[in-house]
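*Asks:* The following comprises the amino acid sequence and a computationally predicted model.
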Amino acid sequence: MATALTFRITTTRFDADYAPSDSSRLTTNFANLARGRERQQNLSNALMMIDRRFNDLASWDNPDGDRYTLELDIVSVGVQLTDDSEEPEFPLLEMLDIQIVDQVTGIRRHGIVGNNFSSYVRDFDFSILLPAVNEQSAEFATPRDFGELHGKLFQHFLDSPAYRERFVLPPVICISVSTSRTYSQTDNRHPILGVEYCQDAFSLTDEYFAKMGLRVRYFMPPGSVAPLAFYFRGDLLNDYSPLQLIGTISTMETFQKIYRPEIYNASAAAPSVYRPRLEHQDFARVPITYDRVERSQLAIKQGKYAEEHFLKPHARALEQWATGRPVPVA
């Protein structure tokens, strides 16, 4: 029987009472916030920061700056290989979905799905496979076909009935700029996304997302101090409404202020030629506990999990699926 993949989507509300499930990736931004003794305070502070930033950007007909609130859902995607095996579903990836609630009219609007993005297979690629290759290389090298399987899995999910039945528009993923690249300000201005920057060369992350079928553009929104990287399918500037774009900006800028305050909570805004640095000390910390070292350690742990429970046991089936041809038995 030919190998095929089926996907299943489940959602979990991300609010002050959120607690990660046993199957959730603990390196995910939102899961990392929801651990430890200060978890509820962390979550409450983060959600308050998101709402304040949203209302700051959506200032029209909003004199008191409190018209809108966001409701966030964690979108968890499981994958199952429907070949001759009866293996359990594997937790492939997680994203965030946004609902925009207008507290004046009572109208609820669907925001953009994506935003944060996390994946066990990506953990394997960056935390297990890439370091292993470079332990034996004098110069930095990427493994052969690096990110190819992950990219095909992601694109297959976007084209699947599971995605299309639930989401009308393609996702937008928003992350930090790379500290290995230099960004130059352009003359392009967008009323919501702000001033556009362009990079001197594609980063490894840019190339990895390209294999997922996503292009990248960099914008520094009004009131921000550093550009954000937006990965998207289609037309970022015209496919989404102003409120939808604001939802993604306010959510992901808040996460970046927590995780990379050296860049996104710096005291001075990025200049016209910008090289982000985590070594800068001129920044303000937000009142939210976050352990960057622990997150890196968990990425290694979860990369090994993907290797042991998905990539190795299904290696032949995944190769057959990815190439579209039978894999000979040795």
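*Replies:* Yep, it's here.
*Asks:* Could you use CA atoms for every contact and neighbour count after this?
*Replies:* Fine.
*Asks:* residues near the closest residue to V113 other than its chain neighbours, how many?
*Replies:* Nearest-residue entry for V113: D97, 4.3 Å, with adjacent residues in sequence omitted and distances by C-alpha to C-alpha, 6 or more residues apart in numbering. Per other C-alpha atoms under 10 Å, the neighbour tally for D97 reads 25.
*Asks:* Could you do the one 4 residues further on as well?
*Replies:* When neighbours are counted by other C-alpha under 10 Å, V101 registers 18.
*Asks:* Can you name the residues that contact it?
*Replies:* Y68, T69, L70, E71, I107, R108, R109 (C-alpha atoms under 8 Å, 6 or more residues apart in numbering).
*Asks:* What is the nearest of these to Y264?
*Replies:* Using C-alpha to C-alpha, L70 comes nearest to Y264 of these, at 21.0 Å.
*Asks:* Helices of the stretch 1-150 of the chain, start to end?
*Replies:* Here the stretch 1-150 of the chain has its helices, by DSSP state H, counting those that start in this stretch, at 29-33, 39-57, 120-124, 130-134, 148-158.
*Asks:* between the ones you listed, which one is nearest to R295?
*Replies:* From the helices of the stretch 1-150 of the chain, taking C-alpha to C-alpha, the stretch that ends up closest is helix 29-33, at 7.4 Å.
*Asks:* quick revisit: buried among the contacts of V101? Make that a PyMOL selection.
*Replies:* Buried members of those, defined by 16 or more other C-alpha atoms under 10 Å, are picked up in PyMOL with:
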select buried, resi 68+69+70+71
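*Asks:* Helix or strand: which one has D206?
*Replies:* For D206, the element it lies in under DSSP states H and E is helix 204-210.
*Asks:* Low-confidence stretches in this structure?
*Replies:* Across the chain, the ranges flagged by pLDDT under 70 are 1-2, 21-38, 83-86, 289-294, 325-330.
*Asks:* Swap in 90 and give it another go.
*Replies:* By pLDDT under 90, the low-scoring segments of the chain are 1-4, 15-45, 81-89, 132-144, 258-259, 278-282, 284-302, 320, 322-330.
*Asks:* Tell me where it has strands.
*Replies:* Counting by DSSP state E, one finds strands in the chain at the ranges 5-14, 68-81, 90-102, 108-110, 114-119, 172-176, 183-190, 194-199, 215-220, 228-232, 273-274.
*Asks:* re earlier: how far off centre is the helix holding D206?
*Replies:* Offset of helix 204-210 from its chain centre (C-alpha atoms, centre = their mean, to the nearest Å): 13 Å.
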